[in-house]
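Chemist: predicted model, plus sequence, below.
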Amino acid sequence: EPGRKVDRQPDDVVTLEQAVSGEEVVRPDGRKLLLVATRVKELGEVCGLDDAFGKLLSRGDSILHRRFAPLCESAAPVPEDMVFMDIETCGLSNVPLFLIGAMVWHQGGFEVRQYLARTYAEEAAVIGAFADTCRGRRVLVTFNGKSFDLPFIRTRAIATGVPFGTDAAHLDLLHESRRVWRDVLPDCRLQTLESRVCGRDRHDDIPGAEIGDAYHAFVRSGNARQIAQILQHNVLDLVTLADIMIRL
């Protein structure tokens, strides 16, 4: 699992350094955050995803190519054009944003870059790091990002005084999935698609409704036991987006 270094009993106190393998990043303004990078090829759950995505996008007659081409406009789409994004927050509105996961194409395959705020004060650095990742990329891919993730980031950017903007075209896979599967599946929740369309079920996953409380508990106590679970949850959300795309 990404970032996991130890497997302790629930009552053990685990430091962040023990729980995750990341590196501290100091931004030009002096603000800090933790970066956790994971190569998707290292994840057994999605074996072959990089190759399948790259091959389909390069084929001019594929659905994937035809869907991305209008978004890229001036030139044929390539994997480096895209950034997949998913966020983790402490609630639904007017609360801190503590994790932004961005999946990009790097050195011939997908890499997940997770920007983690170790304290509430590092939220601004997380937003700034994601803004840098978006710069120069032509397509932003999310799941319900038009209604939730992107407006949330913009609101928190204003609250923390961080310049944030992107010219990338936005492809929201919730709408795409409803168009394709709404009459086939009981619902189009991400984990329903992951199970019924991608053929993968999660194990030892932290429920999304518990993530905010788990982060607050970490900030209060310093016990990072659940942080690795949150990072894994976020990674699986991101790789599922790319997996869904090659199955549309």
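Modeler: Received it, and whenever you're ready, just let me know what you need.
Chemist: not counting sequence-adjacent ones, nearest residue to residue 68?
Modeler: Counting by CB to CB, 6 or more residues apart in numbering, residue 68 lies nearest to residue 77, which is 4.0 Å off, once chain neighbours are set aside. Heads up, the C-betas are built off the backbone N, CA and C, glycines and all.
Chemist: and the pLDDT at the one you found?
Modeler: Looking at residue 77, its pLDDT reads 85.
Chemist: just the one 10 residues further on next, same as before
Modeler: Predicted confidence (pLDDT) for residue 87: 98.
Chemist: then residue 91?
Modeler: Turning to residue 91, the model gives it a pLDDT of 85.
Chemist: what about it, which SS state?
Modeler: The three-state label given to residue 91 by DSSP: H, G, I helix; E, B strand; the rest coil is coil.
Chemist: which ones are touching it?
Modeler: When the contact criterion is CB atoms under 8 Å, 6 or more residues apart in numbering, the partners of residue 91 are residue 212.
Chemist: how about residue 116, phi and psi?
Modeler: With angles defined as degrees, to the nearest 10, residue 116 sits at phi -110, psi 130.
Chemist: gap between it and residue 179?
Modeler: Per CB to CB, to the nearest Å, residue 116 is found 34 Å from residue 179.
Chemist: and the two? Which one has more around it.
Modeler: Under the neighbour definition other CB atoms under 10 Å, residue 116 and residue 179 were set side by side, and residue 116 has more, 27 against 11.
Chemist: tell me the pLDDT of the closest residue to that one other than its chain neighbours.
Modeler: In space, not counting the residues next to it along the chain, residue 116 is nearest to residue 34; the distance is 4.4 Å by CB to CB, 6+ apart. pLDDT for residue 34: 98.
Chemist: element containing residue 34?
Modeler: When secondary structure is defined by DSSP states H and E, residue 34 falls within strand 32-39.
Chemist: hey, where'd the strands end up in the chain?
Modeler: Listed in chain order, the strands of the chain (DSSP state E) span residues 23-26, 32-39, 82-89, 97-106, 109-116, 139-142, 169-172.
Chemist: got the ones you listed as JSON lines, with distance to residue 231 columns?
Modeler: Rendered in JSON lines, the data for the strands of the chain read as follows (distance: least, CB to CB, whole Å):
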{"stretch": "strand 23-26", "distance to residue 231": "14"}
{"stretch": "strand 32-39", "distance to residue 231": "6"}
{"stretch": "strand 82-89", "distance to residue 231": "9"}
{"stretch": "strand 97-106", "distance to residue 231": "8"}
{"stretch": "strand 109-116", "distance to residue 231": "6"}
{"stretch": "strand 139-142", "distance to residue 231": "18"}
{"stretch": "strand 169-172", "distance to residue 231": "23"}
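Chemist: can you tell which of these is closest to residue 225?
Modeler: Of all the strands of the chain, the one in closest proximity to residue 225, counting by CB to CB, is strand 109-116 (14.9 Å).
Chemist: re the thing from before, residue 173 versus the residue nearest to residue 68, what's the distance?
Modeler: Counting by CB to CB, the gap between residue 77 and residue 173 amounts to 16 Å.
Chemist: and the lowest-mean-pLDDT helix or strand in the chain, what's buried?
Modeler: Of the helices and strands making up the chain, the lowest-confidence element is helix 63-72, at a mean of 86, by mean pLDDT, DSSP states H and E. Judged by neighbour count using 16 or more other CB atoms under 10 Å, the buried positions of helix 63-72 are 64, 65, 67, 68, 71, 72.
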